[in-house]
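Enquirer: sequence and computational prediction follow.
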Amino acid sequence: MSTLLVDIGNTRAKWAFLKDGRVGRQHAVPHAGRTGRRIAQAILGKNDRKKPNAVDRVIVVSVAGSQIDNDFASEVRRRLGTGPEFFASSRRAGGVTTLYSEPWRLGADRFAAAIGAFHLSGGRPVCVVSVGTAMTVDLVDGRGRHRGGAIVPAPTLMVTSLLKETNGIARRAQGREGGTKLFARNTHAAITQGARYAAAAVADRAIQEAKRVLGRPPLVLLTGGAAPDIRSLLSSEHRHVPDLVLQGLAVIAAERSSPR
């Protein structure tokens, strides 16, 4: 039997199977325009008789909204005969304690990533840089205290905002000529690279601040579907962990299975 771990973000759904304490390969699908039922079908397969890998538990973290969550839960329950367990932020979970003044306001995906990062860090302070629709930076110290974080638009959202909220730039940005340097030679590349460099600069500055706060450099873990957009631009040493949220859900699964 295995546990299905699911991360439903703003633009993509990611999942993997947890078996014998190990998280399998992460899969992902864009979910723009999909209902919760369609997301469940994409993960489980459309054949009603297909029960993937003899799943006995489904643990989910979602920031997609209650409508998608409810539809997803209904389809999972119909298909597997058991409802999913949704992970929500709380003061303490998975060995991590958040110092957020109101824990429920901390995004559950951020908290799950912080838990995964803490368990991968070996007791070292860790800074999580997650790049998706938004970019978040979260700091967990060596005692497992989530010290807080920052949220900024990720590169794609920066670009979309500029193109949508301006006229002259949007007109001049027509065309898709490429570019990989900060000082680009066409407007579209200038916007794209400017957004990527800006996000990388925020991450590097946050890592410097974490070092000042902690008195030592943290381990830096980079995650999120858009992480490749800034990975080569980061000055800070880092490790790329694409399934960090799912790693956190694996910790939660083990914690909920343990006798209290």
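Expert: Here it is on my side, so go on. On a predicted model such as this, the values are computed, not experimentally measured, just so you know.
Enquirer: low-confidence ranges, the stretch 51-200 of the chain, go.
Expert: 51-53, 170-171, 173, 175-179 (pLDDT under 70).
Enquirer: can you pull the contacts of the most centrally placed residue in the chain?
Expert: Note on the chain: the residue nearest the mean C-alpha position is residue 224, at 4.8 Å, using Cα atoms, centre = their mean. When contacts are counted by Cβ atoms under 8 Å, 6 or more residues apart in numbering, residue 224 is found next to 129-132, 135, 154. Glycine gets a C-beta too; all of them are placed from N, C-alpha and C.
Enquirer: just the buried members of those?
Expert: When these are checked for burial by 16 or more other Cβ atoms under 10 Å, the buried set is 129-132, 135, 154.
Enquirer: re the thing from before, columns secondary structure and distance to residue 5 on top of the contacts of residue 224, output as TSV?
Expert: Formatted as TSV, the contacts of residue 224 follow (DSSP: H, G, I helix; E, B strand; the rest coil; distance: Cβ to Cβ, whole Å):
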residue	secondary structure	distance to residue 5
129	strand	21
130	strand	17
131	strand	20
132	coil	17
135	strand	23
154	coil	23
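Enquirer: same list (the buried ones among the contacts of residue 224) but as CSV, adding distance to residue 180.
Expert: Converted to CSV, the buried ones among the contacts of residue 224 look like this (distance: Cβ to Cβ, whole Å):
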residue, distance to residue 180
129, 20
130, 23
131, 17
132, 22
135, 20
154, 18
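Enquirer: list just the nearest of the contacts of residue 224 to residue 255.
Expert: Checking the contacts of residue 224 against residue 255 by Cβ to Cβ gives residue 130 as the nearest, at 21.6 Å.
Enquirer: surely that closest one meets residue 110?
Expert: Yes: in this structure, residue 130 is within contact of residue 110 by Cβ atoms under 8 Å, at 7.1 Å.
Enquirer: common neighbours of those two, please.
Expert: Joint contacts of residue 130 and residue 110 (Cβ under 8 Å, 6+ apart) are 136, 138.
Enquirer: would you mind measuring from the residue in the chain sticking out farthest from the centre to residue 74?
Expert: Largest separation from the mean C-alpha position in the chain: residue 168, at 33.8 Å (Cα atoms, centre = their mean). From residue 168 over to residue 74 the distance is 48 Å, taken as Cβ to Cβ, to the nearest Å.
Enquirer: do the same with residue 58
Expert: Summarising the geometry, the distance separating residue 58 from residue 74, computed by Cβ to Cβ, is 12 Å.
Enquirer: what of residue 241?
Expert: Distance of residue 241 to residue 74, computed by Cβ to Cβ: 32 Å.
Enquirer: show me which of these two is the more surrounded one.
Expert: It is residue 241, of residue 241 and residue 74, that has more neighbours when counted by other Cβ atoms under 10 Å, with 20 against 15.
Enquirer: hang on, isn't the more buried one packed against residue 219?
Expert: No: the pair residue 241 and residue 219 does not pass the contact test of Cβ under 8 Å, sitting 10.4 Å apart.
Enquirer: got any residues that touch both of the two?
Expert: residue 117.
Enquirer: torsion angles phi and psi at the residue farthest from the centre of the chain?
Expert: Residue 168 has phi and psi values of phi -60, psi -40 when expressed as degrees, to the nearest 10.
Enquirer: quick one: contacts for the nearest residue to residue 214 once chain neighbours are set aside?
Expert: Of all residues beyond its chain neighbours, the one nearest residue 214 is residue 125 (5.0 Å), with distances taken as Cβ to Cβ, 6 or more residues apart in numbering. When contacts are counted by Cβ under 8 Å, 6+ apart, residue 125 is found next to 139-142, 210, 214, 216, 218-219.
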